[in-house]
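Chemist: please find the sequence and the predicted model below.
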Amino acid sequence: MEKIPSFTINHNTLLRGIYVSRKDTVGGDTVTTFDIRMKEPNREPALHPGALHTIEHLAATYLRNDAEWKDRIVYWGPMGCLTGNYLLMRGDLEPRDIVDLMRRTFRFVADFEGEIPGAAPQDCGNWLLHDLPMARWESRKYCEEVLDVITDANMTYPQKED
């Protein structure tokens, strides 16, 4: 059985950052899957589910309305391990291509005030699981500590040694 590519990454040394998880061809277009890693796996506490759920709603709303990139957004959603999010975009892209987009997205979340889009019983399957203050805190931390000072080390997956 073939290994899933994400299982070949050394999660013990993976830094917070933006990574290309995979590239697929769909209907003649390249779709790039980004790993938007907000926490160092196995070395710091994972994101709280309520904060991650709120980040999902706010980031998806922002991305699907961004004037420059909205037509290339395929999907934004949380990782099951609660250490980040996946962003699928149409196009053969690299992490550097979307750093500014991620800065704007996470600043939007960090500064958001008001009602969370889609956080009502008729719109969301778990509408009570939201934590806006923590989503704002985590997003601000990610901007300041990662996106605003991003380096190649935050954009290149560490591979496992055989």
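Modeler: In hand now; what should we look at?
Chemist: any stretches of this protein with poor pLDDT?
Modeler: 3, 5, 161-162 (pLDDT under 70).
Chemist: pull out the buried residues from stretch 148-162.
Modeler: For stretch 148-162, the buried set under the neighbour-count rule, 16 or more other Cβ atoms under 10 Å, comprises 150, 154-155, 157. C-beta here means a position set from N, CA and C on the backbone, and glycine is covered the same way.
Chemist: how about stretch 72-85?
Modeler: 72-73, 76, 78-79, 82-85.
Chemist: since we're on the closest residue to residue 92 other than its chain neighbours, how many residues are nearby?
Modeler: Once flanking residues are discounted, residue 92 sits nearest to residue 30: 4.2 Å by Cβ to Cβ, 6 or more residues apart in numbering. Using other Cβ atoms under 10 Å, residue 30 has 13 other residues around it.
Chemist: each with direction, which strands does the helix or strand hosting residue 30 pair with?
Modeler: If you go by DSSP states H and E, residue 30 is part of strand 29-37. Strand 29-37 has the following strand partners under DSSP bridges: strand 17-26 (antiparallel), strand 84-90 (antiparallel).
Chemist: and it, what's buried?
Modeler: 31-37.
Chemist: one step back: how about the buried residues of stretch 148-162, which pair is most distant?
Modeler: 150 and 157 (14.5 Å; Cβ to Cβ).
Chemist: excluding chain neighbours, what is closest to residue 143?
Modeler: residue 106 (4.9 Å).
Chemist: circling back to that earlier point, got the angle between the following helix or strand past the strand holding residue 30 and strand 29-37?
Modeler: Using DSSP H and E, the helix or strand that follows strand 29-37 towards the C-terminus is helix 49-63. For helix 49-63 against strand 29-37, the angle by axes from the mean of the first three to the mean of the last three Cα atoms, to 10 degrees is 140 degrees.
Chemist: what does the very next helix or strand once past helix 49-63 contact?
Modeler: Scanning forward in sequence from helix 49-63 by DSSP H and E, the next helix or strand is strand 73-78. With contacts defined as Cβ atoms under 8 Å, 6 or more residues apart in numbering, strand 73-78 is touched by 31, 47, 52-53, 55-56, 59-60, 63-64, 66, 84-90.
Chemist: so what strands line up beside strand 73-78?
Modeler: strand 84-90 (antiparallel).
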